[in-house]
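> dropping the sequence and predicted coords here.
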Amino acid sequence: MANISSEGILNLLRQVIDPDLRKDIVTLNMVKNLKVDDSSVSFTVELTTPACPLKDKIKEDCINIIKKNYPAVKDIQVEMTSKVRASSASVKNSILPGVKNTIAVASGKGGVGKSTVAANLALALAKQGAKVGLIDADIYGPSIPMMLGIQQKPKIYQDTKTAKMVPLENYGIKLMSIGFLIDDDAPVIWRGPMASGAIKQFMSDVLWEELDYLLFDLPPGTGDIQLTLVQTIPLSGAVVVTTPQDVSLIDVRKAIKMFMRVNVPVLGVIENMSYFIAPDTGKRYDIFGQGGGERLAKEMGVPLLGSIPIDPRIREGSDKGKPIVVDMPQAKESEIIMNISKNLAAQISINNINSALSKVEILIDQDN
């Protein structure tokens, strides 16, 4: 039996593939703090997101391959940690320098539950250990203050150079909304440039500090605010929310095509109000049709991140300021949303890694 060495262990770990990133964990620079002696091996695997859906599989693969090739090793300690990697877009982002990934949550039309999905996604990412912020970019219909149960006004932080608003916080995420700055019953009667200016201020004049993910809950459609966002900062990607019925899918296609036209990666589609399970019989009812989100995702060549059923508890949680992910973490719907957040985090990591590897390949080609 060959002597155990750090080099030998690393060579074995090159066979452990991250199923999402499709690269081995050594090439991806995930293996840290490797320590080896005659009977024990310990190291850390640093994942690209705390919301990695395949964390347990990667750990199990590491342990099994070492046991198989070095049976004399009696103690194998694998610590699983994470460090969210910044998208290549964030390097160019001087407005939000501490934010690693910026994600637009959009819809082609209103009434599909986009804000509910955005709030629960942000909370799900935070529950898994990520630093998360959420901007309510729906200037004319801000709903995040009610959904997250916040009624306070932002405070101002001032140093010798600048004065910035401090985002409000609840349930572990940072928040900003025009709803924090106006009375509940006051309509926002602004022309497009004023609304666009407010969105810019929510980025440049707010003290966001360090965040792994900053989500933007966009208004429906493809108007001024969407264009302002994509022109102001380089987005890491966009998520599009739909319902199964055809009238929703028509508008969602337009939203997806808009992001593609301005070179924003579409991270996936989320089908909301997908089906209803009768609590008394357990029978499933496809109230708004069936499979629309999946067909659209295949047609547009983007992932289907998941499907969320209709459940009164989701609506009730939003109305009382306690989204279901926080209020009922054991509910099946919460589990579904948590899995969608993991799929989203995986897509962000895939895009970031592929973008970084492409840049390396371009540099190598230029040198040759």
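Nice, I can see it. The structure presented is a predicted model; accordingly, all values stated were derived computationally and were not measured.
> so what's the backbone phi/psi at residue 177?
The phi and psi values for residue 177, taken as degrees, to the nearest 10, are phi -150, psi 150.
> what residues does it make contact with?
Residue 177 makes contact with 135, 136, 142, 144, 145, according to C-beta atoms under 8 Å, 6 or more residues apart in numbering. For every residue, glycine as well, the C-beta is placed using N, CA and C.
> again, only this time at 6 Å
136, 142, 144, 145 (C-beta atoms under 6 Å, 6 or more residues apart in numbering).
> then residue 6?
For residue 6, the residues meeting the contact criterion (C-beta under 6 Å, 6+ apart) are 34, 36.
> look at it and report its pLDDT.
pLDDT for residue 6: 91.
> any idea how far residue 42 is from it?
Plainly put, residue 6 is 11 Å away from residue 42 if you go by C-beta to C-beta, to the nearest Å.
> element containing residue 221?
For residue 221, there is no enclosing helix or strand under DSSP states H and E.
> ugh, typo on my part, it should be residue 241
For residue 241, the element it lies in under DSSP H and E is strand 237-242.
> sorry, back to before: from the contacts of residue 177, which land in strands?
Helix and strand membership here follows DSSP state E; of the contacts of residue 177, those in strands are residue 136.
> okay if I get the contacts of residue 177 as CSV plus pLDDT, distance to residue 236 and neighbour count?
Written out in CSV, the entries for the contacts of residue 177 read as follows (pLDDT from 0 to 100; distance: C-beta to C-beta, whole Å; neighbours: other C-beta atoms under 10 Å):
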residue, pLDDT, distance to residue 236, neighbour count
136, 92, 19, 28
142, 85, 23, 22
144, 91, 20, 26
145, 90, 25, 22
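> what does residue 8 show for phi and psi?
On the backbone of residue 8 - angles per degrees, to the nearest 10 - the values are phi -60, psi -40.
> please parse this structure into its domains.
Using automatic domain parsing, the domains assigned to the chain come out as 6-82, 88-341.
> start to end distance for the shortest one?
Start and end residues of domain 6-82 are separated by 22 Å (C-alpha to C-alpha, to the nearest Å).
> ditto for the longest one
Its start and end residues considered, domain 88-341 measures 21 Å (C-alpha to C-alpha).
> pLDDT below threshold where in the stretch 1-150 of the chain?
Of all residues in the stretch 1-150 of the chain, those with pLDDT under 70 make up the ranges 1-2, 89-93.
> ok so residue 60 is a helix residue?
Yes - looking at residue 60 with DSSP: H, G, I helix; E, B strand; the rest coil, it is inside a helix.
> count the neighbours of it for me.
The burial metric for residue 60, expressed as a neighbour count using other C-beta atoms under 10 Å, is 13.
> please apply the same query to residue 313.
By other C-beta under 10 Å, 13 other residues sit near residue 313.
> element containing it?
helix 312-319.
> any chance of the contacts of residue 177 in a markdown table, plus distance to residue 97?
What follows is the contacts of residue 177, written out as a markdown table (distance: C-beta to C-beta, whole Å):
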| residue | distance to residue 97 |
| --- | --- |
| 136 | 22 |
| 142 | 26 |
| 144 | 24 |
| 145 | 27 |
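> wait, which of the contacts of residue 177 is closest to residue 329?
Lowest distance from residue 329 to those (C-beta to C-beta) belongs to residue 144, with 20.2 Å.
> that closest one contacts residue 138, correct?
No - distance between residue 144 and residue 138: 8.1 Å, which falls outside the contact criterion (C-beta atoms under 6 Å).
> ok, back up a step: so which of the contacts of residue 177 sit within helices?
Residues of these located in helices (DSSP state H): 144, 145.
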